[in-house]
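> give me a 3D structure for the following:
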Amino acid sequence: MAGIAQKSLIITLLSLPSLALAQPSVEDVQPLVSEAYGKAVPPQAICIASPPSDTFPGWAAIGVTQRRAGCRLLLLTKDGVSYSPEEASTTLKNDEWADLSQDEQSARLRAWSHELLMAFDHPLDHASGAASRRQGQWSVPLTFVQRVDSPGGTLYTETVYTFDDALRLTTAPRDEGLAFFTRLLSNPYRTQGIDREIVRASLYTKGKSIQACFDEAWQRDLELSGPVRIQMTIAGGSANALGVVAEDNSDEALGQCYVRVLRRVTFPESVEGTIIWSFTADRRTASP
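Numbers count the residues shown, from 1 in each chain. Presented below is the predicted three-dimensional model:
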């Protein structure tokens, strides 16, 4: 199962009363994470995420990094208690739950799946369906994008989370899906007589910083795709009047990150003129 702990686990954290008041710290949860994971987990490998809305106050998702595959969900915590992902949802079935309509229950269980079970993945709201109840069992269809252990690699997965009548998670997604790979392409868009290979060589000197801009944006949005085009005027060995002239993705911070890096590029004194350079997030399915 992708991102879901394999064994049931409910542990009261009597020594950590601060968990009832705020998101736990890495130091707080490290012993527990190591116990649940089956071996010592260093602090830098522990991930903690709070739900993006106030629907589930006090809850936190705890995960462990899996190299380039990012974080994988291991535990959920609230009010000094730690739960396995399978058991945590049973806490929803309380007096408040009984007072909700079936539509409200459906919305709450869908939000739980998105905000906590998918805390370290990228659920697609526009593609996921509503939770439905049949014969005492809840089903939550989900479409999500998950990082895999390869540069720019993701899985696009459609699955169904299944909860029994006690709201215990009984079926979770498997590591199956359509594989995509995203890479950064840096190419001239309009150079107006300037030797593009000289420009390319100059940009190469800041290649790591340019790649870092891209990597950070991709981590924010695993569906990142399309070009960001930057216009700049080169004179006196540097780029001036920089600005984003086209951005085919929703990550505005990415274009500004490229601009900041390009301001630090040193060009040959002989290069003068205005150009547009394209930095493209090339997202495509894996070759068969």
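> show me where the stretch 101-250 of the chain has its strands.
122-123, 132-134, 137-147, 153-163, 169-171, 178-190, 226-235, 238-247 (DSSP state E, counting those that start in this stretch).
> tell me what the shortest one is packed against?
The elements that strand 122-123 packs onto, with contact taken as 3 or more CB pairs under 8 Å, 6 or more residues apart in numbering; DSSP states H and E, are strand 137-147. Quick note: C-beta positions are derived from backbone N, CA and C, even for glycine.
> partners of the strand it packs on in the sheet?
Strands that pair with strand 137-147, judged by DSSP bridges, come out as strand 122-123 (antiparallel), strand 132-134 (antiparallel), strand 153-163 (antiparallel).
> what's in contact with the longest one?
With contacts defined as CB atoms under 8 Å, 6 or more residues apart in numbering, strand 153-163 is touched by 2, 68, 89, 109, 113, 117, 127, 137-148, 169-182, 222.
> if we go to 6 Å?
For strand 153-163, the external contacting residues (CB atoms under 6 Å, 6 or more residues apart in numbering) are 113, 138-148, 169-171, 173, 177-181, 222.
> restricting to C-alpha, output that strand in CSV.
Presented in CSV, the C-alpha positions along strand 153-163 are these (Å, rounded to 0.1, in the frame of the first residue of the first chain):
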residue,chain,number,x,y,z
GLY,A,153,9.3,10.9,-11.3
THR,A,154,5.6,10.7,-10.3
LEU,A,155,2.8,8.2,-10.4
TYR,A,156,-0.7,9.4,-11.4
THR,A,157,-3.0,7.0,-9.6
GLU,A,158,-6.8,6.4,-9.4
THR,A,159,-7.8,4.4,-6.4
VAL,A,160,-10.5,3.9,-3.8
TYR,A,161,-10.1,4.2,0.0
THR,A,162,-12.5,1.8,1.7
PHE,A,163,-13.7,2.3,5.3
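> gap between it and the chain center?
Offset of strand 153-163 from its chain centre (CA atoms, centre = their mean, to the nearest Å): 14 Å.
> got the buried residues for it?
153-159, 161, 163 (16 or more other CB atoms under 10 Å).
> what angle do it and strand 178-190 make?
For strand 153-163 against strand 178-190, the angle by axes from the mean of the first three to the mean of the last three CA atoms, to 10 degrees is 140 degrees.
> could I get the strands paired with strand 137-147 as JSON lines with mean pLDDT?
Shown next, in JSON lines, are the strands paired with strand 137-147 (pLDDT from 0 to 100):
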{"stretch": "strand 122-123", "mean pLDDT": "90"}
{"stretch": "strand 132-134", "mean pLDDT": "93"}
{"stretch": "strand 153-163", "mean pLDDT": "93"}
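> could I get those strands as CSV with distance to Leu75?
As requested, the strands paired with strand 137-147 are exported to CSV (distance: least, CB to CB, whole Å):
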stretch, distance to Leu75
strand 122-123, 19
strand 132-134, 27
strand 153-163, 17
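> what's the closest of these to Asn94?
Asn94 sits nearest to strand 153-163 of all these, at 14.9 Å, using CB to CB.
> low-confidence ranges, the stretch 151-288 of the chain, go.
Applying pLDDT under 70 to the stretch 151-288 of the chain flags the ranges 175, 249, 287-288.
> walk me through the domains of the protein.
10-176, 183-285 (automatic domain parsing).
> report how many residues lie close to Arg108.
Number of residues near Arg108 (other CB atoms under 10 Å) recorded here: 19.
> what sits against Pro141?
Neighbours of Pro141 in contact, by CB under 6 Å, 6+ apart: 129, 160.
> so it bridges to which residues?
Val160.
> poorly predicted segments of the stretch 1-150 of the chain, please.
In the stretch 1-150 of the chain (pLDDT under 70), the answer is 1-22.
> thought Thr182 was touching Pro151?
No: contact between Thr182 and Pro151 fails when scored by CB atoms under 6 Å: they sit 8.8 Å apart.
> how close does the nearest residue to Trp97 once chain neighbours are set aside sit to Ala166?
Once flanking residues are discounted, Trp97 sits nearest to Gln105: 6.6 Å by CB to CB, 6 or more residues apart in numbering. Note on Gln105: its distance to Ala166, by CB to CB, to the nearest Å, is 13 Å.
> and the helices in this protein, which stretches?
For the chain, applying DSSP state H gives helices covering 26-37, 85-88, 95-98, 102-112, 196-204, 207-220, 252-262.
> which one of these lies closest to Gly226?
helix 252-262 (10.4 Å).
> chain center to the closest one: distance?
20 Å.
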